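Colleague: Compute the structure for the input listed below.
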Amino acid sequence: MSRFNLYIDEQHPSPWQQTWREFKRSHVAMAGIIMLGFFTVVALFGPLIAPYDPLLQNTDTTLIPPSWDPSGTVRYVLGTDALGRDLFSRLIHASQVTFGTSVMLVMVAMLVGVAIGVMAGMSYGVRASIINHLLDALMVIPTLLLAIIIVAIVGTGLVNSMWAITLALIPHFVHHTRNTVRELMKKEFILATKLDGASKPHIFIYSLLPNMIEMLVVQGTIALSIAILDITALGFLNLGAQGSTIELGAMLAESLNVVYIAPWNIALPGLTIFLMVFSVNVVGDGLRAALNRRLRH
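Modeller: Presented below is the predicted three-dimensional model:
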């Protein structure tokens, strides 16, 4: 028998629930998150989805059009390239490399940038002044240009390009984290925590970090779109993925020789890059709009 309760507790949604409720109001943002989820599945289970070996060459099936073309075949849904390799399988593996490495390096850049940003925001004097001036100098340089400079120094390759883009993204996370920490340190609840004798690690874990998560999510989506564009740009310039490594930018560069004969070879990787960046930007814009609406209410 259920126990009678005279007082009905009013249920209040958490900040994340309020943000999700505001986010769901945008149909474009929901479409973007579904598309982003698709690329996440491809990044996790790409080899299981691909029907063929992406490196398998067949001279008897070169430059076959996509299946919707009258000259195409269902066996190769998106056609083949100049070496007879299945484009659908290559796009899946290239998306896995491009999207997976972008997420990985953004996470590394976020961890390092937040650590330095918190130290810069909670410190004062000469150390904070040096960090701030270095940040101002690095923020002026575009991330792609900074990545090209680093790759020119350490050498070409996917791993080196990942390190270069990571180092180029770190100042952005440091900048936003420092500004957020500076604003939070002026709040009354932070002052009360300091007066209670809390240490800096305790203040960061229990007072600063919970109020920084939303900012980090928004900045992470922005950094992810930048990382995708930079990785593909370096691959297109032959500074990123080399040899047998399949990457969307490198696929674009390889397809330039047959662009007039087989335009789908360059259109399909370009469309994949567009959809990938579009989904990340739409989700980021939806999160920012949802956060702004939640704060207004």
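Colleague: For Trp68, grab phi and psi.
Modeller: Backbone torsions of Trp68, given as degrees, to the nearest 10, read phi -80, psi -10.
Colleague: burial of it, as a residue count?
Modeller: Neighbour count for Trp68, taken as other C-beta atoms under 10 Å: 9. C-betas here are computed from N, CA, C, even on glycine.
Colleague: For Ile261, give its distance to Ala152.
Modeller: 33 Å (C-beta to C-beta, to the nearest Å).
Colleague: okay, those two: which has more neighbours?
Modeller: More crowded of Ile261 and Ala152, by other C-beta under 10 Å: Ala152, with 12 against 9.
Colleague: Sort out which residues of whichever strand or helix holds the more buried one are buried, please.
Modeller: Per DSSP states H and E: Ala152 is located in helix 143-154. By neighbour count on 16 or more other C-beta atoms under 10 Å, the buried set for helix 143-154 is Thr143, Leu144, Leu146, Ala147, Ile148, Ile150, Val151.
Colleague: and the lengthiest helix in the chain, what does it pack onto?
Modeller: Longest helix of the chain, by residue count under DSSP state H: helix 87-122. The contact analysis (3 or more C-beta pairs under 8 Å, 6 or more residues apart in numbering; DSSP states H and E) places helix 87-122 against helix 27-49, helix 126-140, helix 158-184, helix 209-236, helix 248-255, helix 264-296.
Colleague: Quick one: residues contacting Ser89.
Modeller: Ala50, Pro51, Tyr52, Asp53, Pro54 (C-beta atoms under 8 Å, 6 or more residues apart in numbering).
Colleague: returning to what we had before: please point out which parts of the longest helix of the chain sit buried.
Modeller: 87-103, 105-106, 108-110, 112-114, 116-122.
Colleague: from the middle of its chain, how far away would it be?
Modeller: Centre-to-centre, helix 87-122 and its host chain are 6 Å apart (C-alpha atoms, centre = their mean, to the nearest Å).
Colleague: Tell me which residues touch the residue nearest to the spatial centre of the chain, please.
Modeller: The chain has Leu224 as the residue nearest its centroid, 2.0 Å off, counting by C-alpha atoms, centre = their mean. Going by C-beta under 8 Å, 6+ apart, Leu224 touches Ser102, Val103, Val106, Val280.
Colleague: Confirm for me that Ala94 is in contact with Leu252.
Modeller: No: assessed by C-beta atoms under 8 Å, Ala94 is found out of contact with Leu252, at 9.7 Å.
Colleague: nearest to Ala290, of the contacts of Leu224?
Modeller: Val280 (15.7 Å; C-beta to C-beta).
Colleague: ok, the closest one - contacts?
Modeller: With C-beta under 8 Å, 6+ apart, Val280 has these contacts: Gly32, Leu36, Thr221, Leu224, Ser225, Ile228.
Colleague: Show me the shaky parts of the protein.
Modeller: 1-12, 125-128, 295, 297 (pLDDT under 70).
Colleague: if we can go back for a sec, the residue nearest to the centre of the chain and Asp53, how far apart?
Modeller: From Leu224 to Asp53 the distance is 29 Å (C-beta to C-beta).
Colleague: cool, and Thr143?
Modeller: Applying C-beta to C-beta to Thr143 and Asp53 gives a distance of 34 Å.
Colleague: what do you get for Phe278?
Modeller: Using C-beta to C-beta, one gets 29 Å for the distance from Phe278 to Asp53.
Colleague: Gly240 too?
Modeller: For Gly240, the distance to Asp53 - C-beta to C-beta - is 22 Å.
Colleague: One more: Leu91?
Modeller: 14 Å.
Colleague: can you check Val259 too?
Modeller: Using C-beta to C-beta, Val259 is found at 25 Å from Asp53.
Colleague: The residue lying closest to Ile261 once chain neighbours are set aside: what secondary structure?
Modeller: Nearest residue to Ile261, sequence neighbours excluded (C-beta to C-beta, 6 or more residues apart in numbering): Leu63, at 6.4 Å. Three-state call for Leu63 (DSSP: H, G, I helix; E, B strand; the rest coil): coil.
Colleague: Now Pro65: closest residue in space, sequence neighbours ignored.
Modeller: According to C-beta to C-beta, 6+ apart, the nearest residue to Pro65 is Gly72 (4.3 Å).
Colleague: May I ask you to confirm that the one you found is in contact with Phe88?
Modeller: No: contact criterion C-beta under 8 Å: Gly72 and Phe88 do not qualify, at 11.9 Å.
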